[in-house]
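> Take this sequence and fold it.
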Amino acid sequence: MPRRSKPTPFASTTHRREIASLAARMMAEDGIDDYGYAKRKAARALGFGEGDLLPGNDEVEAELRAYQAIYQDEEHPRRLRELRGIALDVMGFLADFNPHLTGAVLDGTAGRYAIVDLDLFADSAKDVEIMLLSRNIPYDISEKRLQDGQEAKLRIEWDGTPVSLAIYPPLAERQVRRNPHSGHQHNRAKAGAVKALLAEPAIPAAPVPF
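Numbering: from 1, shown residues only. Sure thing, here's the model as predicted:
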(Lines give C-alpha, C1' and ligand atoms only; values in the text may rest on other atoms or scores of the structure.)
Protein backbone atom coordinates (compact mmCIF):
# COMPACT_ATOMS: atom_id res chain seq x y z
CA MET A 1 0.00 0.00 0.00
CA PRO A 2 1.54 3.39 -1.00
CA ARG A 3 2.24 5.90 1.70
CA ARG A 4 -0.20 8.75 2.09
CA SER A 5 0.68 12.41 1.75
CA LYS A 6 1.76 14.40 4.80
CA PRO A 7 -1.34 14.94 6.97
CA THR A 8 -2.69 18.16 8.43
CA PRO A 9 -2.56 18.51 12.25
CA PHE A 10 -6.21 17.41 12.50
CA ALA A 11 -5.63 14.44 10.20
CA SER A 12 -2.48 13.57 12.12
CA THR A 13 -4.49 13.23 15.33
CA THR A 14 -7.00 11.02 13.53
CA HIS A 15 -4.23 8.89 12.05
CA ARG A 16 -2.59 8.46 15.45
CA ARG A 17 -5.89 7.23 16.81
CA GLU A 18 -6.29 4.81 13.90
CA ILE A 19 -2.80 3.42 14.45
CA ALA A 20 -3.33 3.14 18.20
CA SER A 21 -6.63 1.33 17.67
CA LEU A 22 -5.22 -1.19 15.21
CA ALA A 23 -2.08 -1.74 17.29
CA ALA A 24 -4.27 -2.44 20.32
CA ARG A 25 -6.34 -4.97 18.38
CA MET A 26 -3.16 -6.72 17.24
CA MET A 27 -1.94 -6.92 20.81
CA ALA A 28 -5.27 -8.25 22.07
CA GLU A 29 -5.84 -10.78 19.29
CA ASP A 30 -2.38 -11.78 18.06
CA GLY A 31 -0.34 -11.93 21.25
CA ILE A 32 2.03 -9.07 20.39
CA ASP A 33 3.54 -7.70 23.60
CA ASP A 34 5.93 -5.10 22.16
CA TYR A 35 4.25 -1.70 21.88
CA GLY A 36 6.80 -0.38 19.39
CA TYR A 37 6.46 -3.37 17.09
CA ALA A 38 2.65 -3.24 17.25
CA LYS A 39 2.63 0.47 16.37
CA ARG A 40 4.99 0.06 13.43
CA LYS A 41 3.06 -2.93 12.10
CA ALA A 42 -0.24 -1.06 12.41
CA ALA A 43 1.21 2.01 10.68
CA ARG A 44 2.42 -0.08 7.75
CA ALA A 45 -0.92 -1.89 7.49
CA LEU A 46 -2.73 1.46 7.29
CA GLY A 47 -0.31 2.85 4.72
CA PHE A 48 1.33 5.41 6.99
CA GLY A 49 5.01 6.06 7.59
CA GLU A 50 6.68 5.46 10.94
CA GLY A 51 7.58 9.04 11.82
CA ASP A 52 5.63 11.54 13.87
CA LEU A 53 2.32 9.77 13.25
CA LEU A 54 3.06 7.01 15.74
CA PRO A 55 0.99 7.29 18.94
CA GLY A 56 2.47 7.05 22.40
CA ASN A 57 2.43 3.83 24.38
CA ASP A 58 -0.16 5.32 26.74
CA GLU A 59 -2.49 5.91 23.79
CA VAL A 60 -2.15 2.31 22.66
CA GLU A 61 -2.65 1.00 26.20
CA ALA A 62 -5.85 3.03 26.56
CA GLU A 63 -7.14 1.59 23.28
CA LEU A 64 -6.10 -1.91 24.37
CA ARG A 65 -8.01 -1.69 27.63
CA ALA A 66 -11.04 -0.31 25.79
CA TYR A 67 -10.90 -3.10 23.20
CA GLN A 68 -10.67 -5.79 25.86
CA ALA A 69 -13.53 -4.27 27.83
CA ILE A 70 -15.80 -4.14 24.76
CA TYR A 71 -14.88 -7.15 22.64
CA GLN A 72 -13.36 -9.52 25.20
CA ASP A 73 -15.43 -8.60 28.24
CA GLU A 74 -15.91 -12.25 29.26
CA GLU A 75 -12.90 -13.91 27.69
CA HIS A 76 -10.28 -11.43 28.90
CA PRO A 77 -11.00 -11.55 32.67
CA ARG A 78 -11.21 -15.34 32.53
CA ARG A 79 -7.96 -15.70 30.59
CA LEU A 80 -6.19 -13.14 32.77
CA ARG A 81 -7.19 -15.08 35.86
CA GLU A 82 -5.87 -18.30 34.29
CA LEU A 83 -2.55 -16.65 33.47
CA ARG A 84 -2.17 -15.24 36.96
CA GLY A 85 -2.92 -18.67 38.41
CA ILE A 86 -0.24 -20.21 36.21
CA ALA A 87 2.16 -17.46 37.27
CA LEU A 88 1.50 -18.23 40.93
CA ASP A 89 2.13 -21.94 40.37
CA VAL A 90 5.47 -21.26 38.69
CA MET A 91 6.40 -18.76 41.40
CA GLY A 92 5.79 -21.43 44.01
CA PHE A 93 7.94 -23.89 42.09
CA LEU A 94 10.76 -21.33 41.76
CA ALA A 95 10.37 -19.87 45.25
CA ASP A 96 14.10 -20.30 45.96
CA PHE A 97 14.83 -17.58 43.40
CA ASN A 98 12.56 -14.86 44.80
CA PRO A 99 10.24 -14.72 41.76
CA HIS A 100 8.29 -11.59 40.83
CA LEU A 101 5.49 -11.35 38.28
CA THR A 102 5.86 -8.55 35.72
CA GLY A 103 4.48 -7.46 32.39
CA ALA A 104 1.02 -7.66 30.88
CA VAL A 105 -0.21 -10.47 33.15
CA LEU A 106 0.45 -8.23 36.12
CA ASP A 107 -0.88 -4.95 34.73
CA GLY A 108 -4.02 -6.56 33.32
CA THR A 109 -3.48 -6.02 29.59
CA ALA A 110 -2.44 -9.58 28.72
CA GLY A 111 -3.86 -10.68 25.40
CA ARG A 112 -5.20 -14.03 24.31
CA TYR A 113 -1.77 -15.58 23.70
CA ALA A 114 0.24 -13.66 26.28
CA ILE A 115 3.46 -14.89 27.81
CA VAL A 116 3.84 -14.98 31.58
CA ASP A 117 6.85 -12.82 32.50
CA LEU A 118 8.73 -13.57 35.71
CA ASP A 119 11.84 -11.95 37.15
CA LEU A 120 14.09 -14.25 39.17
CA PHE A 121 16.98 -13.26 41.41
CA ALA A 122 19.78 -15.80 41.75
CA ASP A 123 23.48 -15.88 42.53
CA SER A 124 23.96 -17.55 39.16
CA ALA A 125 21.71 -18.26 36.20
CA LYS A 126 23.17 -21.76 36.24
CA ASP A 127 21.42 -22.37 39.56
CA VAL A 128 18.06 -21.91 37.83
CA GLU A 129 19.07 -24.13 34.93
CA ILE A 130 20.25 -26.87 37.28
CA MET A 131 16.93 -26.84 39.13
CA LEU A 132 14.97 -27.08 35.88
CA LEU A 133 17.15 -29.95 34.70
CA SER A 134 16.77 -31.77 38.02
CA ARG A 135 12.98 -31.62 37.64
CA ASN A 136 13.10 -32.66 33.96
CA ILE A 137 11.61 -29.38 32.80
CA PRO A 138 12.73 -28.49 29.25
CA TYR A 139 13.80 -24.90 28.68
CA ASP A 140 15.15 -22.70 25.92
CA ILE A 141 17.79 -20.02 26.31
CA SER A 142 16.80 -16.75 24.64
CA GLU A 143 19.08 -15.63 21.85
CA LYS A 144 17.79 -12.07 22.00
CA ARG A 145 19.91 -9.27 23.38
CA LEU A 146 19.64 -9.19 27.16
CA GLN A 147 18.22 -6.13 28.90
CA ASP A 148 20.31 -4.14 31.35
CA GLY A 149 21.30 -6.25 34.32
CA GLN A 150 19.93 -9.54 33.04
CA GLU A 151 22.24 -12.53 33.36
CA ALA A 152 20.11 -14.83 31.24
CA LYS A 153 16.61 -15.26 29.89
CA LEU A 154 15.01 -18.69 29.77
CA ARG A 155 11.68 -19.89 28.45
CA ILE A 156 9.64 -22.81 29.71
CA GLU A 157 6.09 -24.06 29.24
CA TRP A 158 3.71 -24.56 32.15
CA ASP A 159 0.30 -26.10 31.51
CA GLY A 160 0.74 -25.26 27.84
CA THR A 161 1.49 -21.59 28.51
CA PRO A 162 4.87 -20.03 27.68
CA VAL A 163 6.68 -18.54 30.67
CA SER A 164 9.66 -16.20 30.32
CA LEU A 165 12.22 -16.27 33.13
CA ALA A 166 14.47 -13.20 33.28
CA ILE A 167 17.32 -13.89 35.69
CA TYR A 168 19.04 -11.09 37.60
CA PRO A 169 21.63 -10.94 40.39
CA PRO A 170 20.07 -10.54 43.87
CA LEU A 171 20.92 -6.84 44.25
CA ALA A 172 18.99 -5.99 41.06
CA GLU A 173 15.72 -6.41 42.95
CA ARG A 174 16.18 -2.94 44.45
CA GLN A 175 16.75 -1.22 41.12
CA VAL A 176 13.99 0.74 39.37
CA ARG A 177 13.86 -0.05 35.66
CA ARG A 178 11.72 0.67 32.63
CA ASN A 179 9.76 -1.95 30.74
CA PRO A 180 11.48 -2.17 27.34
CA HIS A 181 8.17 -2.89 25.56
CA SER A 182 5.87 -0.30 27.12
CA GLY A 183 8.33 2.31 28.36
CA HIS A 184 6.57 2.33 31.74
CA GLN A 185 8.18 1.71 35.08
CA HIS A 186 8.90 -1.99 35.42
CA ASN A 187 6.46 -3.02 38.14
CA ARG A 188 6.90 -6.31 39.95
CA ALA A 189 4.67 -8.32 42.28
CA LYS A 190 5.64 -11.04 44.72
CA ALA A 191 3.53 -14.15 45.21
CA GLY A 192 1.48 -12.58 48.01
CA ALA A 193 0.41 -9.72 45.77
CA VAL A 194 -0.54 -12.12 42.97
CA LYS A 195 -2.65 -14.11 45.45
CA ALA A 196 -4.39 -10.88 46.40
CA LEU A 197 -5.21 -10.20 42.74
CA LEU A 198 -6.67 -13.68 42.37
CA ALA A 199 -8.77 -13.18 45.50
CA GLU A 200 -10.48 -10.12 44.04
CA PRO A 201 -14.00 -10.72 42.66
CA ALA A 202 -13.29 -8.69 39.54
CA ILE A 203 -10.20 -7.92 37.50
CA PRO A 204 -9.01 -4.34 38.11
CA ALA A 205 -9.21 -2.01 35.13
CA ALA A 206 -5.87 -0.35 35.86
CA PRO A 207 -2.45 -1.53 37.07
CA VAL A 208 -2.11 -1.99 40.80
CA PRO A 209 1.09 -0.49 42.29
CA PHE A 210 3.30 -2.84 44.29
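
> Hmm, Glu63 is touching Ala23, no?
Yes: contact criterion Cβ atoms under 8 Å: Glu63 and Ala23 qualify, at 7.3 Å. Using the backbone N, CA and C atoms, a C-beta is placed for each residue, glycine as well.

> okay, those two: which has more neighbours?
Ala23 (30 against 21; other Cβ atoms under 10 Å).

> so Met131 is in which element?
helix 125-134 (DSSP states H and E).

> doesn't Val128 make contact with Leu94?
Yes: judged on Cβ under 8 Å, Leu94 makes contact with Val128 at a distance of 7.4 Å.

> Find residues that contact each of those two.
Contact criterion Cβ atoms under 8 Å, 6 or more residues apart in numbering; residues shared by Leu94 and Val128: Leu120, Leu165.

> Distance-wise, check Arg84 relative to Gly56.
Arg84 sits at a distance of 27 Å from Gly56 (criterion: Cβ to Cβ, to the nearest Å).

> Show me what the helix holding Met131 is packed up against.
With contacts taken as 3 or more Cβ pairs under 8 Å, 6 or more residues apart in numbering; DSSP states H and E, helix 125-134 sits against strand 152-158, strand 161-168.

> which residues touch the first one?
Think strand 152-158. Strand 152-158 has contacts (Cβ under 8 Å, 6+ apart) with 86, 89-90, 116, 125, 128-129, 132, 137-142, 144, 146, 162-167.

> distance between that strand and the chain's centre?
Mean C-alpha position of strand 152-158 versus that of the full chain (Cα atoms, centre = their mean, to the nearest Å) differs by 14 Å.

> Walk me through the domains of the protein.
Using automatic domain parsing, the domain ranges for the chain come out as 9-71, 75-199.

> measure the longest one end to end?
Across its full length, domain 75-199 reaches 18 Å end to end, with Cα to Cα, to the nearest Å as the criterion.

> chain center to it: distance?
10 Å.

> go on, stretch 44-54?
23 Å.

> what is the residue nearest to Ala125 when sequence neighbours are not counted paired to in the beta sheet?
Spatial nearest neighbour of Ala125, excluding adjacent residues (Cβ to Cβ, 6 or more residues apart in numbering): Ala152 at 3.7 Å. Applying DSSP bridges to Ala152 gives these bridge partners: Ile167.

> Now the longest helix belonging to the chain: average pLDDT?
As assigned by DSSP state H, the longest helix anywhere in the chain is helix 9-30. Helix 9-30 carries an average pLDDT of 85.
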